[in-house]
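Chemist: my questions are about this predicted structure, shown below with the sequence.
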Amino acid sequence: MQIICSALPYYQDQLSISTVDEALQQLSVDELKKVAALLNTNSKPTRKAEIIAVIHRHLLGKICNNCGNELFRCILVKG
């Protein structure tokens, strides 16, 4: 599953990045480790692909959780 970023670039010469995965691929391993350190996880991967997977799972989990909360609110309002 890909998460789509629809923000418009500020400048015409900016890179065109349309997914979170593409954006994460542009970062170095050291930068990715800093991002991963901000997440509430016990996993400490060292390889780039593994770090990206941890970040991606975290973001996807947050999105799914928010969608579930919205669905629950809709059911309560209509019920």
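Modeler: Right, received. Where do you want to start? Residues are numbered from 1 along each chain as shown.
Chemist: use CA for all of it now, contacts and neighbours both
Modeler: Fine.
Chemist: same for the top helix by length along the chain, what does it pack against?
Modeler: What stands out as the longest helix in the chain, according to DSSP state H, is helix 48-78. Packing partners of helix 48-78 (3 or more C-alpha pairs under 8 Å, 6 or more residues apart in numbering; DSSP states H and E): helix 20-25, helix 29-37.
Chemist: can you redo those as TSV with mean neighbour count, mean pLDDT and distance to Gly68?
Modeler: TSV is the format used below for these (neighbours: other C-alpha atoms under 10 Å; pLDDT from 0 to 100; distance: least, C-alpha to C-alpha, whole Å):
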stretch	mean neighbour count	mean pLDDT	distance to Gly68
helix 20-25	16	87	21
helix 29-37	15	93	24
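Chemist: any chance of the ones you listed in TSV, plus distance to Ile63?
Modeler: Shown next, in TSV, are the helices and strands packed on helix 48-78 (distance: least, C-alpha to C-alpha, whole Å):
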stretch	distance to Ile63
helix 20-25	13
helix 29-37	17
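Chemist: related to what we said a few turns ago, next, the angle from the longest helix of the chain to helix 29-37.
Modeler: 30 degrees (axes from the mean of the first three to the mean of the last three C-alpha atoms, to 10 degrees).
Chemist: how far does helix 48-78 sit from the chain's center?
Modeler: Here helix 48-78 shows a centroid-to-chain-centroid distance of 10 Å under the convention C-alpha atoms, centre = their mean, to the nearest Å.
Chemist: same question, stretch 33-42
Modeler: Taking the mean of its C-alpha atoms, stretch 33-42 sits 12 Å from the chain's own mean (C-alpha atoms, centre = their mean).
Chemist: CA atoms only: put it into PDB for me.
Modeler: In PDB, the C-alpha atoms belonging to stretch 33-42 read as follows (Å, rounded to 0.1, in the frame of the first residue of the first chain):
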ATOM      1  CA  LYS A  33      17.800   6.400  12.000                       C
ATOM      2  CA  LYS A  34      17.000   9.900  13.500                       C
ATOM      3  CA  VAL A  35      13.400   9.600  12.200                       C
ATOM      4  CA  ALA A  36      13.000   6.100  13.500                       C
ATOM      5  CA  ALA A  37      14.400   7.200  16.900                       C
ATOM      6  CA  LEU A  38      11.400   9.500  17.200                       C
ATOM      7  CA  LEU A  39       9.000   6.600  16.900                       C
ATOM      8  CA  ASN A  40       7.700   4.700  20.000                       C
ATOM      9  CA  THR A  41       9.100   1.300  19.000                       C
ATOM     10  CA  ASN A  42      11.500  -1.200  20.400                       C
END
